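Asks: here's my sequence, what's the structure:
(2 chains)
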Amino acid sequence: DTGVSQDPRHKITKRGQNVTFRCDPISEHNRLYWYRQTLGQGPEFLTYFQNEAQLEKSRLLSDRFSAERPKGSFSTLEIQRTEQGDSAMYLCASSSGAGVTETQYFGPGTRLLVL
Amino acid sequence: AQRVTQPEKLLSVFKGAPVELKCNYSYSGSPELFWYVQYSRQRLQLLLRHISRESIKGFTADLNKGETSFHLKKPFAQEEDSAMYYCALIHYGGSQGNLIFGKGTKLSVKP
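Replies: Numbering: from 1, shown residues only, chains lettered A, B, ... in the order given. From the prediction side, this is the model:
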């Protein structure tokens, strides 16, 4: 499968614990995005990488959230001191091209439940 | 503020009936609009974008700047069209574009 992959697919954690998610983009895609989707909502943008540089962060990304893409390939999203409100589906997308030619390809998501 | 509105949470039609999924947007500038679809137990995938003006799986969408709408239409719905549909626009902030999604409309096509 050459699509975007995410690991784990599901995560249950207790409030206050730290969690880390991984995203492997499509090979050679230089852009990588993280989105969050809560029940009944569409995906909401969290942050974006071009190669290894994190170029934009949404106001949704509180200081408990950190994302990295150390070698410009896979990315990790860490949530520290999780809260129940962090329960959501976390989606990763990757793309190449720019402007009107860009297409974002989504991964299957990581579903997080904070108890 | 940039916003995408999908007024219907659920749309139920019979097989063979026409279907229209509504999408309205608010955007200062020239928007680039998309429809994404998520079939049951599958990932979100691009259905079509307005710039290409193509028909995918019989679906079309026309950008109406006067009404700020980008409704998705299909003349004859099929059961396999049952899915969650999201309208989205690209917001360019800085050097890239991130997608702004509506809340989605669940389409149910009954036999």
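
Asks: then residue A:45 would be within a strand, right?
Replies: Yes: looking at residue A:45 with DSSP: H, G, I helix; E, B strand; the rest coil, it is inside a strand.

Asks: residue of chain B nearest chain A, please.
Replies: Of all residues in chain B, residue B:101 sits closest to chain A, with a separation of 3.0 Å (C-beta to the nearest C-beta). From N, CA and C alone the C-beta is placed, and that goes for glycine too.

Asks: can you pull the contacts of that residue?
Replies: Applying C-beta atoms under 8 Å, 6 or more residues apart in numbering or on different chains to residue B:101 gives the contacts A:42, A:43, A:44, B:4, B:36, B:86, B:87, B:88.

Asks: between the residues you listed, which sits nearest residue A:83?
Replies: Residue A:83 lies nearest to residue A:44 out of those, by C-beta to C-beta, at 16.5 Å.

Asks: quick one, what contacts the closest residue in space to the closest one that isn't next to it in sequence?
Replies: Excluding the flanking residues, the one nearest residue A:44 by C-beta to C-beta, 6 or more residues apart in numbering or on different chains is residue A:36, at 5.4 Å. Contacts for residue A:36 (C-beta under 8 Å, 6+ apart) come out as A:43, A:44, A:46, A:60, A:88, A:89, A:90, A:91.

Asks: show me which of those are buried.
Replies: A:43, A:44, A:46, A:88, A:89, A:90, A:91 (16 or more other C-beta atoms under 10 Å in any protein chain shown).

Asks: any chance of these in a markdown table, plus distance to residue A:67 and pLDDT?
Replies: Output for those, formatted as a markdown table (distance: C-beta to C-beta, whole Å; pLDDT from 0 to 100):
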| residue | distance to residue A:67 | pLDDT |
| --- | --- | --- |
| A:43 | 15 | 95 |
| A:44 | 15 | 94 |
| A:46 | 7 | 94 |
| A:88 | 15 | 97 |
| A:89 | 16 | 97 |
| A:90 | 10 | 98 |
| A:91 | 13 | 97 |
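
Asks: no more questions from me, cheers.
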